[in-house]
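In: following is a predicted model, sequence given first.
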Amino acid sequence: MMPMREMAREKVAVPAWLTAQPIAHRGLHDETSGRVENSLAAARAAVAWDYAIECDIQLSSDGEVIVFHDVLLDRLTFAEGRLDQRSRADLTHVAFRHGNETIPALADLLAVVAGKVPLIVELKSLFNGDTRLADAALTCVASYAGPLAFKSFDPDLLRRLRDCNASQPLGLVAEALYAPAEWPELTPERRAGLLAWEFFPDIRPDFLSWHVNDLPHAVPRLCRDGLHMPVMSWTVRTEAQKELATRYADQIVFEDCTS
């Protein structure tokens, strides 16, 4: 059990912009128009429509922050293999299967967004205790003046950001059930810990990002109504999901379904 003084450490005040504009999941992407998820084209489209942007980040082999969701390159690009086995210079020359762009680094995305809309940056994780991504992300955004928040499924990364006194809002991404088939990287002990929220006292997230298909649920209800913590819901793709999110959350992360 954490000492009370540690549990009471100061948190970042949650800004109004976090719930003001619907958040385009991995940017406003549309492969038929050449805008691949997490691409600069998808970011530009979101900015043009005045949507906030959610993006995913992970580390290259040389420790640079890359904007990409999958562990493997195969689904979205003409390359193969693991992203983390390639350098930033290599990755930023890997072409997407659609459109005419290549994989961006986070620095590239920050330059495009330039504070025009909020940016919600999700730190991807293999749940192996490696927190280098948190340090690299903080370094990358150190001089960025626009509205930006971090979130992650991995409490270790959020704990590292909190311990580094990150000035950005920190959010936990979570769901009601971590099925082994969908979460093979989780040990039974880690899965049980996530479900029990045993990490909460020393992380104290500023907001919750909750699976829309798990609404309504006691966890977002307690966070929202008991702790007055903003709740965003992912990924909203249908009108039925949008209705659920409207009733039980404060914000949506959407694809193909706007406010």
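Out: Structure's in. What do you need?

In: quick one, phi/psi of Glu243?
Out: phi -70, psi -40 (degrees, to the nearest 10).

In: do the one 3 residues further on as well
Out: For Thr246, the backbone dihedrals (degrees, to the nearest 10) come out as phi -60, psi -40.

In: do the same with Ala24
Out: phi -80, psi 120.

In: next, work out how far apart it and Arg132 are.
Out: As judged by C-beta to C-beta, to the nearest Å, Ala24 and Arg132 stand 28 Å apart. Quick note: C-beta positions are derived from backbone N, CA and C, even for glycine.

In: neighbour count: the two, which is higher?
Out: Ala24 (27 against 11; other C-beta atoms under 10 Å).

In: now do the lengthiest strand in the chain, average pLDDT.
Out: If you go by DSSP state E, the chain has its longest strand at strand 52-59. Averaged across strand 52-59, pLDDT comes to 98.

In: by contact count, what packs against it?
Out: On a contact count with 3 or more C-beta pairs under 8 Å, 6 or more residues apart in numbering; DSSP states H and E, strand 52-59 meets strand 23-25, helix 40-48, strand 65-67, helix 106-113, strand 119-123, helix 132-140.

In: list the buried residues in stretch 83-90.
Out: Counting neighbours by 16 or more other C-beta atoms under 10 Å, one finds that the buried residues in stretch 83-90 are Leu83, Asp84, Arg86, Arg88.

In: then stretch 200-220?
Out: For stretch 200-220, using 16+ other C-beta under 10 Å, the buried residues are 202-212, 214-215, 219-220.

In: ok, the closest residue to Pro216 other than its chain neighbours - contacts?
Out: Using C-beta to C-beta, 6 or more residues apart in numbering and skipping the chain neighbours, the partner closest in space to Pro216 is Tyr248 (5.0 Å). For Tyr248, the contact set (C-beta atoms under 8 Å, 6 or more residues apart in numbering) comprises Leu215, Pro216, His217, Pro220, Arg221, Arg224, Val231, Ser233.

In: mind checking how far the third one is from Thr77?
Out: From His217 across to Thr77, the span is 36 Å (C-beta to C-beta).

In: low-confidence ranges in this protein?
Out: 1-11, 257-259 (pLDDT under 70).

In: let's see that with 80 instead.
Out: Residue ranges of the chain with pLDDT under 80: 1-13, 257-259.

In: and the strands in it, which stretches?
Out: Taking DSSP E to define them, one finds strands in the chain at 23-25, 52-59, 65-67, 119-123, 148-152, 170-174, 207-211, 231-236, 251-254.
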